[in-house]
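Visitor: predicted model, plus sequence, below.
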Amino acid sequence: MSPLQTLRTLLFYVLLASSACIWCTVSFFVAPFLPFRARYRFVVRNWCRSAVWLTKTIVGIRYEIKGLENIPERPCVILAKHQSTWETFFLSGFFEPLSQVLKRELLYVPFFGWAMAMLKPIAIDRSNPKAALKQMASVGAERIKQGAWILVFPEGTRVPFGQIGKFSRGGTALAVNANLPVLPIAHNAGAFWPKNGWAKYPGTIQVVIGAPMYAETTGPRAIAELNDRAFAWVERTQREIGALEDGAVPLDIAAL
């Protein structure tokens, strides 16, 4: 990374951290008095979009989207590739309102966690997978009834660029039980915002939104089959955009 890009990255982190502290503090006092949809726009959408704007303006990371026509009118379960923090910002600002499946510990983070707690996330205990699956099913169904998109990173954690993790079935189970499709999303954000380290590299992220996928039947087999289809599409698309190494084997790292 060049000296100039290093300075840009440092400036980016200073601005991002400062805006997070200020915005989350303001939201902590304002958001409780707003209905859920307005609260989401005030707390999440505006700040996440500003984070994406800072990423583009300060460190030169832009993005292109393909497949906008595939987004259904009715909210459903989003199954997205997870490589960096960028896609969390982008997806949270793009779909609204959105309820994200996240680890419970994040709610204890000062400012950020306090604000997130007011946005009806699906906060799970990753140390207890069985209980987490039940919680995802019950709370997720409630969020869907409230008109929220459900964001699931089925790999369970961020996976380094060029690799892919096996998909858990929690997201597809939620979709099948709610009689909704899953919306698969692939991207190559990890090439410019790596999982490890603080470096940021200028370039254009490719975001590809696939067609909604429906289960053909019901029950455990339908969940497994839909999950396999979603994984196959993401794996194939990751290869097409150059974000998956040749011969890469799916890693068994999913939390659920």
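Guide: Happy to help now that I have it. Residues are numbered from 1 along each chain as shown.
Visitor: quick one, helices of this protein?
Guide: Here the chain has its helices, by DSSP state H, at 3-30, 36-40, 46-59, 86-94, 112-117, 129-145, 170-177, 220-240.
Visitor: next one: the second one to chain centre, how far?
Guide: Spelled out, it's helix 36-40. 18 Å (Cα atoms, centre = their mean, to the nearest Å).
Visitor: quick one on the thing from earlier: out of the helices of the chain, which one sits most buried?
Guide: helix 170-177 (a mean of 26; mean count of other Cβ atoms under 10 Å). Bear in mind the C-beta positions are built from the backbone N, C-alpha and C, glycine included.
Visitor: CSV for the helices of the chain, including mean pLDDT and distance to Asp252?
Guide: Output for these, formatted as CSV (pLDDT from 0 to 100; distance: least, Cβ to Cβ, whole Å):
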stretch, mean pLDDT, distance to Asp252
helix 3-30, 90, 33
helix 36-40, 88, 34
helix 46-59, 95, 31
helix 86-94, 95, 22
helix 112-117, 69, 28
helix 129-145, 80, 13
helix 170-177, 92, 15
helix 220-240, 96, 13
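Visitor: next, format those helices as a markdown table and append distance to Ile71.
Guide: Shown next, in a markdown table, are these (distance: least, Cβ to Cβ, whole Å):
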| stretch | distance to Ile71 |
| --- | --- |
| helix 3-30 | 27 |
| helix 36-40 | 18 |
| helix 46-59 | 17 |
| helix 86-94 | 9 |
| helix 112-117 | 24 |
| helix 129-145 | 16 |
| helix 170-177 | 15 |
| helix 220-240 | 15 |
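Visitor: among these, which is nearest Met213?
Guide: The closest of these to Met213 is helix 220-240. By Cβ to Cβ, the value is 5.7 Å.
Visitor: and Asn177, what does it touch?
Guide: With contacts taken as Cβ atoms under 8 Å, 6 or more residues apart in numbering, Asn177 has the following neighbours: 137, 141.
Visitor: could we number from 63 for the rest of this?
Guide: Okay, using 63 as the starting number, the last item reads as Asn239.
Visitor: which residue is nearest the middle of the chain?
Guide: Nearest to the mean C-alpha position of the chain, by Cα atoms, centre = their mean, lies Thr150 at 4.2 Å.
Visitor: wait, which of the helices of the chain is closest to Pro274?
Guide: Per Cβ to Cβ, nearest to Pro274 of the helices of the chain: helix 232-239, 9.6 Å.
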